[in-house]
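Trainee: Sequence isn't available, so here's the structure alone:
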């Protein structure tokens, strides 16, 4: 491998750093992270790449990639339109499953519609952090996680329920849940399952009905193979349902047009909806039971309802909901969906609205009130903590 | 008639007046209520448009929204306000006024002395955060804190109830400043027709 | 089995880089790879399970255990006894694995 290519890669990084090095962050943790990037770059500047062998060049490749990705994440976080209410509730959910204070969330508002994701490129890669520590003497106290959501719907809380599913991907990667479910289900299938259990398994993973596929999947694990991808998607739906019930089903059914067929990356929408409805209706079949058993064995946590309902008709009175318990924050989304799906004429009557509302009026009201309810909770909590 | 502190507190207790969040009851004075600066701002930007177009006579070539940029600050963070700058902001508090009460907003004197002005009337039955247009008439920049009690409102009762939602509203339960929807006013369509007729424009 | 381009593949590549450095005698890298090799031994020996091996490198551990179960079973429990020969062998095991097609 030519050192000149490493030089090229590093020059690209230096060009990017020249733009970013004067960034400043109000969050001291981000500022410290940024300072660490500077130390890495200074170290690399001091090296003579022409003296490096292939292995050493490859090692620096990963470090440069790390710095580039970090800058990408940090640069997005300096934008001034962060939906921090949304980030707050997602962070709350994240803390249930990753209580360590080591993740720094940043957000990126992107142009694509329906482009929701958590970018975990820098989160679950211990070796690169070790690499940086061993080579440059830099230890990172925090790891960056980026939430991607469409710019156009950044304040659309009805659509943004999808982010609970995306948070599920973060959790399953952290705990390597998919990998274990993958192995255990195939092992059980090959060992022989009672008919009812086998039928349940094949219902959710139809291709397991062919022995050749089972053999292949058992011998050839790949994180992007159909079985791994499908397991991951079912897990994320199950994960999200703890916080938002069946809300994500509504949006999912619409944006996939209730897809009856599976793809290489996602199970059929119909199956995903049944999976969640069975869970919420306490009708666990073999697959659901195995999922829950394995999740509990790995994480010591149950799949359970992690939101607190509250009885409120504040939205119908056009005022924010009063949230007193953080778990109620997740219920704001289900409340919002309940209003959206309700009879709007009844809603208008309760609200004292005399003109005929259109969908955009309801859309504005629901999303604004969800945002304000979350914002009020945060503000009040912070104010009272400061006074204490 | 100006509402007194006791009257205001009673309206809140009876859930006819909503102020949310009300971080301190001391915000309610004898005759006024203090309101805090909210988290969202709309600032004018010098883009490629030569002016902000409050008419329909340019075929929407210079949409109002392209002259404004949204920005946010968290509670406790600061916003730098330049001399002569006008910024659209909103109150931290979401309010819902009774149908027979309106509010007049003004700057608290400590901020008036810094060169900030504001003027707004909030109609009976209004729901939402209060939109405010702030202008820094000082010659130096001002660094304002989100959450600071900068504004005060006097509440007045009227004899006849007025339903804010009797007619269609441009702004519903707003929680942040919204770009002016002035061109949506029905009057503008009439004015545009008159202009076209006078100038013999047929398209 | 070599994965096609994805983060797990990158972890494996970086692990092989660490192994190469350990083969050269760099003790700092040796102590990092020792942990993975030891856990692989513990996994195949039944002392650890899928549920409690290191989550970050679980796929590397499972891969190694699948590629040469016997070798890792016969390894000693004490990482102090792992040396250049061990690291070279593990590197060889990884480099000789077949490509994985995707279903």
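Mentor: Received the coordinates, thanks. Predicted model, so just to flag it, every value in this text is computed and none were measured. Residues are numbered from 1 along each chain as shown, chains lettered A, B, ... in the order given.

Trainee: residue at max distance from the center of chain A?
Mentor: Going by C-alpha atoms, centre = their mean, the residue of chain A most distant from its centre is residue A:51, 42.0 Å out.

Trainee: What ranges does chain B have for its helices?
Mentor: Under the criterion DSSP state H, helices of chain B are mapped to B:5-13, B:109-112, B:186-198.

Trainee: Which residue ranges of chain C form helices?
Mentor: Assigned by DSSP H, chain C shows helices spanning C:7-23, C:27-44, C:58-67, C:69-74, C:84-95.

Trainee: any chance of the ones you listed in TSV, with mean neighbour count too?
Mentor: Glycine gets a C-beta too; all of them are placed from N, C-alpha and C. Shown next, in TSV, are these (neighbours: other C-beta atoms under 10 Å in any protein chain shown):
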stretch	mean neighbour count
helix C:7-23	21
helix C:27-44	20
helix C:58-67	20
helix C:69-74	14
helix C:84-95	16
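
Trainee: I'd like those helices laid out as a markdown table, including mean pLDDT and distance to chain B.
Mentor: Output for the helices of chain C, formatted as a markdown table (pLDDT from 0 to 100; distance: least, C-beta to the nearest C-beta, whole Å):
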| stretch | mean pLDDT | distance to chain B |
| --- | --- | --- |
| helix C:7-23 | 94 | 32 |
| helix C:27-44 | 96 | 39 |
| helix C:58-67 | 95 | 38 |
| helix C:69-74 | 96 | 51 |
| helix C:84-95 | 95 | 47 |
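
Trainee: Distance to chain A added to those, as a markdown table?
Mentor: Shown next, in a markdown table, are the helices of chain C (distance: least, C-beta to the nearest C-beta, whole Å):
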| stretch | distance to chain A |
| --- | --- |
| helix C:7-23 | 4 |
| helix C:27-44 | 5 |
| helix C:58-67 | 4 |
| helix C:69-74 | 14 |
| helix C:84-95 | 11 |
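
Trainee: what about the helices of chain B, which gets the closest to chain A?
Mentor: Closest approach to chain A among these is made by helix B:5-13 (11.8 Å; C-beta to the nearest C-beta).

Trainee: Next, see if that closest one gets close to chain A.
Mentor: No. Residues of helix B:5-13 contacting chain A under C-beta under 8 Å from any C-beta of the partner chain: none, with a closest distance of 11.8 Å.

Trainee: who's in contact with that helix?
Mentor: With C-beta atoms under 8 Å, 6 or more residues apart in numbering or on different chains as the test, helix B:5-13 has contacts from B:3, B:17-19, B:22, B:28-31, B:33, B:98, B:101, B:155.

Trainee: Check those residues for burial and list the buried ones.
Mentor: Among the contacts of helix B:5-13, those scoring as buried are B:3, B:17-19, B:22, B:28, B:33, B:98, B:101, B:155 (criterion: 16 or more other C-beta atoms under 10 Å in any protein chain shown).

Trainee: how about low-confidence regions in chain B?
Mentor: Chain B contains residues with pLDDT under 70 at B:47-48, B:54, B:59-63, B:180-186.

Trainee: before we move on, back to that, can you tell me which of the contacts of helix B:5-13 comes closest to chain A?
Mentor: For the contacts of helix B:5-13, the nearest to chain A is residue B:18 (4.7 Å; C-beta to the nearest C-beta).

Trainee: quick one, what contacts the closest one?
Mentor: Neighbours of residue B:18 in contact, by C-beta under 8 Å, 6+ apart: A:319, B:12, B:94-96.

Trainee: Tell me the backbone dihedrals of the closest residue to residue C:13 other than its chain neighbours, please.
Mentor: Distances taken as C-beta to C-beta, 6 or more residues apart in numbering or on different chains place residue A:58 nearest to residue C:13, at 7.2 Å, with adjacent residues excluded. With angles defined as degrees, to the nearest 10, residue A:58 sits at phi -60, psi -40.

Trainee: swap in residue B:199?
Mentor: Backbone geometry at residue B:199, expressed as degrees, to the nearest 10, gives phi -110, psi 10.

Trainee: Tell me how many other residues surround it.
Mentor: Using other C-beta atoms under 10 Å in any protein chain shown, residue B:199 is surrounded by 8 other residues.

Trainee: Would you point out which residue is most central in chain B?
Mentor: Taking C-alpha atoms, centre = their mean, chain B has its central residue at residue B:131, 1.8 Å away.

Trainee: rewinding a little: per-residue confidence, the residue farthest from the centre of chain A, what does it come out as?
Mentor: On pLDDT, residue A:51 comes in at 94.

Trainee: Backbone dihedrals for it, please?
Mentor: Taking degrees, to the nearest 10, you get phi -90, psi 0 for the backbone angles of residue A:51.

Trainee: what sits against it?
Mentor: Residues near residue A:51 by C-beta under 8 Å, 6+ apart: none.

Trainee: Could you do residue A:62 as well?
Mentor: By C-beta under 8 Å, 6+ apart, the contact set of residue A:62 is A:128, A:131, C:10, C:14, C:17.

Trainee: gap between the first one and residue B:105?
Mentor: What it means is residue A:128. 54 Å (C-beta to C-beta, to the nearest Å).

Trainee: now the last one
Mentor: Summarising the geometry, the distance separating residue C:17 from residue B:105, computed by C-beta to C-beta, is 64 Å.

Trainee: just to revisit the earlier point, include mean neighbour count when you put the helices of chain B into TSV, please.
Mentor: Shown next, in TSV, are the helices of chain B (neighbours: other C-beta under 10 Å):
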stretch	mean neighbour count
helix B:5-13	15
helix B:109-112	14
helix B:186-198	11
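
Trainee: For residue A:308, which of these is the nearest?
Mentor: helix B:5-13 (25.6 Å; C-beta to C-beta).

Trainee: distance between that closest one and the chain's centre?
Mentor: Averaging C-alpha positions (C-alpha atoms, centre = their mean, to the nearest Å) puts helix B:5-13 24 Å from its chain's average.

Trainee: ok, now stretch A:325-336?
Mentor: The answer for stretch A:325-336 is 18 Å, by C-alpha atoms, centre = their mean.

Trainee: List the buried residues of it.
Mentor: A:326-336.

Trainee: from those residues, which single one is nearest chain B?
Mentor: Chain B lies nearest to residue A:336 out of the buried residues of stretch A:325-336, by C-beta to the nearest C-beta, at 12.4 Å.

Trainee: For the helix or strand hosting that closest one, give me every contacting residue.
Mentor: Assigned by DSSP states H and E, residue A:336 belongs to helix A:326-341. With contacts defined as C-beta under 8 Å, 6+ apart, helix A:326-341 is touched by A:88-89, A:92-93, A:157-158, A:161, A:164, A:243-245, A:247, A:250, A:306-310, A:312, A:315-316, A:321, A:323, A:347, A:362-363, A:365-367, A:369-370, A:373-374, A:377.

Trainee: Is it correct that residue C:35 is in contact with residue C:79?
Mentor: Yes. Judged on C-beta atoms under 8 Å, residue C:35 makes contact with residue C:79 at a distance of 7.4 Å.

Trainee: before we move on, the earlier item: nearest to residue A:112, out of the contacts of residue A:62: which one, please.
Mentor: residue C:10 (24.6 Å).

Trainee: Tell me where the model's unsure across chain A.
Mentor: Applying pLDDT under 70 to chain A flags the ranges A:1, A:78-79.

Trainee: Pick out the residue closest to the middle of it.
Mentor: In chain A, the C-alpha nearest the mean C-alpha coordinate belongs to residue A:167, at 2.3 Å (C-alpha atoms, centre = their mean).

Trainee: close to chain C, is the strand or helix carrying that residue?
Mentor: Residue A:167 is located in helix A:162-175, with elements delineated by DSSP H and E. Yes. With C-beta under 8 Å from any C-beta as the criterion, chain C is reached by helix A:162-175 at A:174-175.

Trainee: outside of that helix, which residues touch it?
Mentor: By C-beta under 8 Å, 6+ apart, helix A:162-175 touches A:86, A:90, A:93-94, A:97-98, A:114, A:116-118, A:120, A:123-124, A:145, A:147, A:149, A:177-178, A:232, A:235-240, A:243-244, A:248, A:251-252, A:295, A:298-299, A:330, C:55.

Trainee: Now find how far off-centre stretch A:69-77 is within its chain.
Mentor: With C-alpha atoms, centre = their mean, you get 17 Å for stretch A:69-77.
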